[in-house]
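Undergrad: Here you go, sequence then predicted model.
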Amino acid sequence: MVTDSPDGGLSNQKITNMSRQIEPLEHGKYYHIYNRGINGENLFREKANYLYFLKLYDKYIDPVAETYAWCLMPNHFHLLVRIKDEAEIGFISRLKHKPPTGLKAAVGVYATVSPTAVENPDGGLNTTNRKYNPSHQFSHLFNAYAQAYNKRYNRHGSLFENPFDRILVDNEKYYKNLVVYIHNNPSHHRFVEDSIEYPWTSYLTVKSTKPTKLKRSNVIRWFDDIENFESLHKKASDYEEISSYLIE
């Protein structure tokens, strides 16, 4: 595992460059985002849960963030994302009034549109216009998933711990440590012997050549090449130096 200190961990100086964030997510910044089920409760009980969370993730988070690594564990998850610059984020158009007959399916629908499309007087729909808010989008993701989960299992109350944890990541060496930690989380928690055996991470996506929204090429560049990426994931890792920043 590539680190800054001789004993395989991050140096204290580097650790001080990472701080827990409780304020809104900042544009252009990289974050380690994670959350767990309230009181250690499972977030994912079956395959359909994982798939639905990823579907919602694509809906709510793709408009506001680039994803570099992810892992979904039964009772918690990890994400490494970059919040897009404000200029990269689209606009939300919300209908103010019920549209004419024939457009009922559009009631309440949100869409990414350009400012000109929203302001076009010939557009035919009365809309308001605002940009996606990254912090709100993560809240929407968790709320939407919790509502569906509660309905499916006849459950009530909060599902996630609140607020979700986020750590500002500001050096490339830590990116590498974090990617390895995220992908090796299943073996770290002894769910599997080898990370390649666990399906709910981005590890295999990085190794694949299939089209993906994951920032695969960026991740591989952090490790120089795919061979080094694989090699560092297979090495024994000591997470003690960053353990206070990681969910267990």
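TA: That came through fine. Here the structure is a predicted model, which is why all the values come from computation and not from measurement. Residues are numbered from 1 along each chain as shown.

Undergrad: give me every residue that touches V169.
TA: Applying Cβ atoms under 8 Å, 6 or more residues apart in numbering to V169 gives the contacts M18, Y30, Y31, H32, L80, Y175, L178. (Glycine included, C-beta is placed from N, CA and C.)

Undergrad: Likewise for G40?
TA: By Cβ under 8 Å, 6+ apart, the contact set of G40 is N75.

Undergrad: what stretches of the chain score poorly on pLDDT?
TA: The chain contains residues with pLDDT under 70 at 1-22, 93-128, 236-248.

Undergrad: what does the helix ranked longest in the chain rub up against?
TA: In terms of residue count, the longest helix belonging to the chain (DSSP state H) is helix 134-152. Residues outside helix 134-152 that contact it (Cβ under 8 Å, 6+ apart): 24-25, 27, 33, 35, 43, 49, 52-53, 56-57, 59-61, 63-65, 83-84, 89, 155-160, 164.

Undergrad: do that again at 6 Å, thanks
TA: With contact meaning Cβ atoms under 6 Å, 6 or more residues apart in numbering, helix 134-152 is reached by P24, L25, F53, L56, Y60, I61, V64, I83, L159, F160.

Undergrad: Now the third one: which helix or strand?
TA: I take that to be F53. Element membership for F53 (DSSP states H and E) is helix 47-60.

Undergrad: for that helix, which positions count as buried?
TA: N49, Y50, Y52, F53, L56, Y57, Y60 (16 or more other Cβ atoms under 10 Å).

Undergrad: what's the farthest-apart pair in the contacts of helix 134-152?
TA: Greatest spatial distance among the contacts of helix 134-152 (Cβ to Cβ): I83 and L159, at 23.8 Å.

Undergrad: More neighbours: these two, which one.
TA: Taking other Cβ atoms under 10 Å, I83 and L159 do not tie; I83 has more neighbours (25 against 22).

Undergrad: hmm, back to that, could you point out which element follows the longest helix of the chain?
TA: By DSSP H and E, the next helix or strand past helix 134-152 is strand 165-169.
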